[in-house]
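Novice: need coordinates for the following:
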Amino acid sequence: MPVVTIGRQFGAGGSTVGGMLAEELHVDVLESRIIDFDTRKAVLQITQHVIQEAARAGNVVIVGRGGAYLLYDVPGALHVFLGAAKSVRVKAIMERFKIASEEEARKLMDRTDENWTAYIKQVYGHDRNLAGHYDMVLDTGRLGYKTTVEVILAALKKK
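Specialist: Next up is the predicted model:
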């Protein structure tokens, strides 16, 4: 029963890789589109409960929401962080969100990364950009999404 958590930089393809991985594994995906970003205590507790229950059931890919920190002690869970060069991420953001301006996409990327970093720091007290929090850190800009999924699948087989 695989449990995979995916932390990511905005524009590094976390949702795409998470969806592709879940499809390959024939498992559910849980991501921020399901759980809105809101740090109020009640919503945070519900969010954490949903993530913990999904992990307990197994067979899930969890994108974002601090899954690696919340589930650090789940046996067999694989914690992955996805990143890419800023130029690669800006292009991906422009395509995904239909943004014409590189400057606008870069501002959105920087603001979103700052928000995600602040969320993890506030809720879990960690710097999400530290590689030591993850089993593997992958560069989707260099590997591409398909190879990234293949690498994660190979690591799961060894877990």
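
Novice: residue 82: how many residues sit nearby?
Specialist: Applying other CB atoms under 10 Å, we find 27 other residues in the vicinity of residue 82. In this view, the C-beta of every residue, glycine as well, is placed from N, C-alpha and C.

Novice: double-check that it belongs to a strand.
Specialist: Yes - counting by DSSP: H, G, I helix; E, B strand; the rest coil, residue 82 is found in a strand.

Novice: show me the contacts for it.
Specialist: 6-9, 12-14, 17, 137-140, 148 (CB atoms under 8 Å, 6 or more residues apart in numbering).

Novice: cool, residue 3 as well?
Specialist: 55, 58, 59, 60, 62, 71, 74, 76, 77, 78.

Novice: could I get the phi/psi values of it?
Specialist: Main-chain torsions, residue 3, degrees, to the nearest 10: phi -130, psi 120.

Novice: now swap in the one 10 residues further on and tell me
Specialist: The phi/psi pair for residue 13 (degrees, to the nearest 10) reads phi 90, psi 20.

Novice: burial count for the closest residue to it other than its chain neighbours?
Specialist: Nearest residue to residue 13, sequence neighbours excluded (CB to CB, 6 or more residues apart in numbering): residue 140, at 4.6 Å. Residues contacting residue 140 under the criterion other CB under 10 Å number 25.

Novice: what separation do you get for residue 140 and residue 118?
Specialist: According to CB to CB, to the nearest Å, residue 140 stands 23 Å off from residue 118.

Novice: residue boundaries of the strands in the protein?
Specialist: 3-8, 28-30, 60-63, 78-83, 136-139 (DSSP state E).
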